[in-house]
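K.L.:
fold the stuff below for me.
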Amino acid sequence: MKFFNFNGYHDSLKKRRYLLQFVSTCVILIILPVIISLIVISRQSYARLVSTYESYYMETSEKFAHYFIKQLNAKCLSSYIISDDSRDPNSSAFCLDQVALEQNSFYLSSAVQTIAEYTKSVADLFGIYYYEIDRMLTKSSSFSVQSFADDYLGIHNFPYDEPQLKSFFSSGSANLVFYPYDLPENHSNLLIGVRTKIGRSRKPVLLIYKLSESSIDTSLLMSNNPSAVQFSVLNENYLPLISFGPEYYKTLGLSASLKNHWSEEKFFLTLTAKSEEYIVSSCRDSVMGFIYVLTAPLDYVANGAKEFYSISVKIMMLLIAVLLTAIILLIYINYRPIAGLLKKLNNPEKNVNEFDAISEEINRMTNEISEQNMVIVDSMLGNILYGIPISEEMVKRINVPSDSCCFFVFTLSSVTINTTQRMEIVTELLQHFSTKTYITDILLQGLTVLICMSKSCRKSEIFEFLNHYLRFDSSAENELRQGIAVSCLNDIKLSFESCFSNILELGLSEPAGSPERACPRFSQDPTSKLMQQIALYIEDRFTDPSLSQSSVADYFHISTYSLSRLFKNKAGIGFTEYVNGKRIRMAQDLLVKTNEVVSAIASKVGIPNVNYFYKVFKTFTGMSPIRYRGNALKAKSQSPGTPSVDAPKQ
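P.N.:
Numbering: from 1, shown residues only. Predicted coordinates:
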């Protein structure tokens, strides 16, 4: 019969359960909060980065507004200086009139030269427009408004196509006027007109300044890649006057995108166009009414931070998915043997703890195998103690390995080994020495016997192993003895006897009864007293689900085989049958006298597995617990003078 360590398997299942609980707890209490915290920290870091950029660009847009206003103030100051200089009696170049112009066609040359001189100190001065003679003089030429529009600006249907230009050159109440225009070589330009009076005659003129992209050095406004930023100025009608840098304004269609924000004094937005993100920062000038807009793509640092944030979140989400998958896989791998074992059981109820069901079934199977092995061990003990031959049928039941040709016995006196140690020894001898072993004791003699079957004589190695396992001092005389090796199972008596100089020192009595019951007999009183002690021990503890044949055997320092023989000889039934009988009798009493549910009664009597309880109960009574309760109550109610009781719960 092949040995199987049920307790070890049960412990292995429990270890799997604890491992699952430990891993799940670690993930729930440690790993998942850490990952979630990292995601939150990354999100907050990115939000803080965007906030930092918002503050930086808002400050830059305000700097740009102040810088542009400063440029306008400089133009106004230059105009006042030119106006003041024109009052000098020697500055006849500023005193132009239509009559003088008609009399002398070269009359304007002195004025052109004067303007050329001013442009050396006032770089943005473009020219002077004289309203009275409809002439705009620059440092190199003169234009009428019509010729300026046609020749310089390329407007061939003036003033119908360009009313804004007409308004720019017309005299009006505003002292400061603006006209934006585009040229192929310089996309964004702005003419700034300052209305003033010059000469001693104080004739009205328009001093014209031209701003282009080269007129303002935006690198002074910011240090972080200013060439990638577009600075735009919009008038009070939200139309662009001039812009510096790349043309994001037209590409993004900012007029439509920002129409809901023009009323705000300041705003900061991020827009997406063509799969790229842009920062838009704006502020309003309360004096001029202009709107100053900064538009820039997220620079490499911001893009890198955003990409890092995005990758971090993806990695963390992937890590969470991997962890959850690993947990599910771990649960599946570790729980699969449990589920497989449960399928082989008697279909336990779903609400029953699976480990309780497995534990109950393992105890039942262990007891069954122990009772089967008891017959085998009895047969071998009959040969060892009294020379009773082992029958061929019993040899088959023992399942002696076909390659076994060596049999020998070890005896251990005055030293107790428990059931777990017996199983460990049997397993180790089988795995490392290819030796099948049965371990039992001779009741009330303090003697443990190891019967070994092997294809080769490895007594000395096994002897060393047992000394090491039992922690004996090899230099001192100990109680572990080894018998001679024999080649036939029926000769193991010789191996046993060789362990002692005189067999009579064991104090064994002759067997009683026929040879068919090959069981050693002892004096009646000691075994009866031991049986009485065991019965009292079980009486106090039979409602404990953990009560088992091995636990009782260990408590009384005997083997499970000896315990089984004792019950068979004294009680006429096996250990499991004896314990379950007491439990079922208590359950019968509770079913009749209480209204507790069956599952509660099963737990109370020591069989928490309800399905197994039903099976055992039916084996002993021939009916289910519910039916037994119904029949008992029915019989009780039919008895005269019996008081009625409430119907119990099922």
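
K.L.:
now do the buried residues in the host helix or strand of Leu590.
P.N.:
Using DSSP states H and E, Leu590 maps to helix 575-593. Residues of helix 575-593 classed as buried under the neighbour-count rule (16 or more other CB atoms under 10 Å) are 575-580, 582-584, 586-588, 590-592. Every C-beta, even on glycine, is put in place using the N, C-alpha and C of the backbone.

K.L.:
out of those residues, who's nearest Gly382?
P.N.:
Phe575 (21.0 Å; CB to CB).

K.L.:
give me the pLDDT for that closest one.
P.N.:
At Phe575, the model reports a pLDDT of 86.

K.L.:
repeat that for the one 5 residues further on.
P.N.:
Reading off the confidence values, Asn580 has pLDDT 92.

K.L.:
quick one on the thing from earlier: quick check: the farthest pair among the buried residues of helix 575-593?
P.N.:
Farthest-apart pair in those is Phe575 and Val592; separation 27.1 Å (CB to CB).

K.L.:
what sits up against the helix holding Leu590?
P.N.:
For helix 575-593, contacts defined as CB atoms under 8 Å, 6 or more residues apart in numbering pick out 364, 367-368, 370-371, 538-539, 542-543, 547, 549, 552, 563-564, 567, 571, 573, 596, 598, 601-602, 604-607, 613, 616-617, 620-621, 625, 628-629, 632-633, 636, 648.

K.L.:
neighbouring contacts of the one helix or strand Ile128 maps to?
P.N.:
Assigned by DSSP H and E, Ile128 belongs to strand 125-130. Defining contact as CB under 8 Å, 6+ apart, one finds that strand 125-130 is touched by 78, 96, 111, 115, 118-119, 135-139, 145, 169, 191, 193, 198, 203, 205-210.

K.L.:
again, but for stretch 217-233
P.N.:
For stretch 217-233, the external contacting residues (CB under 8 Å, 6+ apart) are 56, 60, 63-64, 67-68, 190, 216, 240-249, 254, 290-297, 299.

K.L.:
now the residues you listed: which count as buried?
P.N.:
Applying 16+ other CB under 10 Å to the contacts of stretch 217-233 flags 60, 63-64, 67-68, 190, 216, 240-245, 248-249, 254, 290-297 as buried.

K.L.:
for the strand holding Ile128, what is the average pLDDT?
P.N.:
88.

K.L.:
now swap in stretch 378-396 and tell me
P.N.:
Stretch 378-396 comes out at a mean pLDDT of 82.

K.L.:
point out where the stretch 301-450 of the chain drops to low pLDDT.
P.N.:
For the stretch 301-450 of the chain, the stretches with pLDDT under 70 are 301-309, 331, 334-372, 401-404.

K.L.:
an error on my part: the question was meant for the stretch 151-300 of the chain.
P.N.:
For the stretch 151-300 of the chain, the stretches flagged by pLDDT under 70 are 173, 183-187, 223-224, 249-251, 254-255, 299-300.

K.L.:
tell me where it has strands.
P.N.:
When secondary structure is read from DSSP state E, counting those that start in this stretch, the stretch 151-300 of the chain shows strands at 176-183, 186-198, 203-212, 230-234, 240-244, 266-273, 276-284, 291-297.

K.L.:
elements contacting the last one?
P.N.:
Of the remaining helices and strands, those touching strand 291-297 by 3 or more CB pairs under 8 Å, 6 or more residues apart in numbering; DSSP states H and E are helix 32-85, strand 230-234, helix 248-252, strand 276-284.

K.L.:
can I have it written out in PDB, keeping just the CAs?
P.N.:
The C-alpha coordinates for strand 291-297 follow below in PDB (Å, rounded to 0.1, in the frame of the first residue of the first chain):
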ATOM      1  CA  ILE A 291      -4.700  93.100 -26.300                       C
ATOM      2  CA  TYR A 292      -1.300  91.500 -26.100                       C
ATOM      3  CA  VAL A 293      -1.100  87.800 -26.900                       C
ATOM      4  CA  LEU A 294       1.800  85.400 -26.600                       C
ATOM      5  CA  THR A 295       1.500  82.100 -28.500                       C
ATOM      6  CA  ALA A 296       4.100  79.400 -28.300                       C
ATOM      7  CA  PRO A 297       4.300  75.600 -28.600                       C
END
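
K.L.:
for the helices and strands packed on strand 291-297, which one sits closest to Phe410?
P.N.:
Going by CB to CB, the one of the helices and strands packed on strand 291-297 nearest Phe410 is helix 32-85, 55.4 Å.

K.L.:
which one is Ile279 nearest to, not counting chain neighbours?
P.N.:
With sequence-adjacent residues excluded and distances taken as CB to CB, 6 or more residues apart in numbering, Ile279 is closest to Ala296, at 5.2 Å.

K.L.:
could you pull up the residues touching that neighbour?
P.N.:
Applying CB under 8 Å, 6+ apart, one finds that Ala296 lies in contact with Tyr57, Ala228, Val229, Gln230, Tyr248, Tyr278, Ile279.

K.L.:
next one: it from Ala228, what distance?
P.N.:
In this view, Ala296 and Ala228 are 6 Å apart by CB to CB, to the nearest Å.

K.L.:
can you pull out the strands in the stretch 351-500 of the chain?
P.N.:
According to DSSP E, counting those that start in this stretch, the strands that the stretch 351-500 of the chain contains are 406-413, 436-442, 447-454, 480-482.
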